[in-house]
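Asks: fold the following for me, if possible:
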Amino acid sequence: MRDIERVYKALADWNRLRILKMLEVQPMCGCGIAHVLNIVQSAISRHLKILTDAGLITFERDGSYIQYSLYNKTNSNSAKSQLKILQGFLNEDSQIINDKKIASKIEKCDFPPDE
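Replies: The predicted model follows:
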């Protein structure tokens, strides 16, 4: 039961939904996500931890950067089913369309990592 609770709590925030929709476009580092959402890195880190703990995203270290991506191989059935549903959700929303457009133009990481 805790698994489904974590997933739904993670999905209950607009910025976390925006992050998930951006990661449909391509893997991104935290600084790129912060740029698109225009919020501080510490808030992005908190959102990314919640999404990771829920089994919705995963990460891989790439030099000084951490690349986040959708966790399509998650062991969480709740996360798996919600990621699948989310693919067809919010695609007509103007904010999501704009986020995806900006995210698609970010190559690897155009921003210096936080120290």
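
Asks: quick check: buried residues in whichever strand or helix holds residue 31?
Replies: Assessed by DSSP states H and E, residue 31 sits inside helix 30-37. Neighbour-count burial for helix 30-37, counted by 16 or more other CB atoms under 10 Å, picks out 30, 31, 32, 33, 34, 35, 36, 37. To be clear about C-beta, it is placed using only N, CA and C from the backbone, and glycine gets the same treatment.

Asks: CSV please, covering the residues you listed and showing pLDDT and distance to residue 64.
Replies: As requested, the buried residues of helix 30-37 are exported to CSV (pLDDT from 0 to 100; distance: CB to CB, whole Å):
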residue, pLDDT, distance to residue 64
30, 93, 11
31, 91, 10
32, 93, 13
33, 96, 16
34, 94, 15
35, 93, 16
36, 95, 20
37, 96, 21
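
Asks: and the residues you listed, which is closest to residue 51?
Replies: For the buried residues of helix 30-37, the closest approach to residue 51 (CB to CB) belongs to residue 33, at 10.4 Å.

Asks: the chain: helices as residue ranges?
Replies: 2-11, 14-23, 30-37, 41-53, 77-87, 94-104 (DSSP state H).

Asks: compute the inter-axis angle for the third one and helix 94-104.
Replies: It refers to helix 30-37. Relative orientation of helix 30-37 versus helix 94-104 (axes from the mean of the first three to the mean of the last three CA atoms, to 10 degrees): 140 degrees.

Asks: ok and helix 30-37 relative to helix 41-53, angle-wise?
Replies: Going by the same axes, to 10 degrees, helix 30-37 makes 110 degrees with helix 41-53.

Asks: report the distance from helix 30-37 to the chain centre.
Replies: Chain-centre distance of helix 30-37: 10 Å, with CA atoms, centre = their mean, to the nearest Å.
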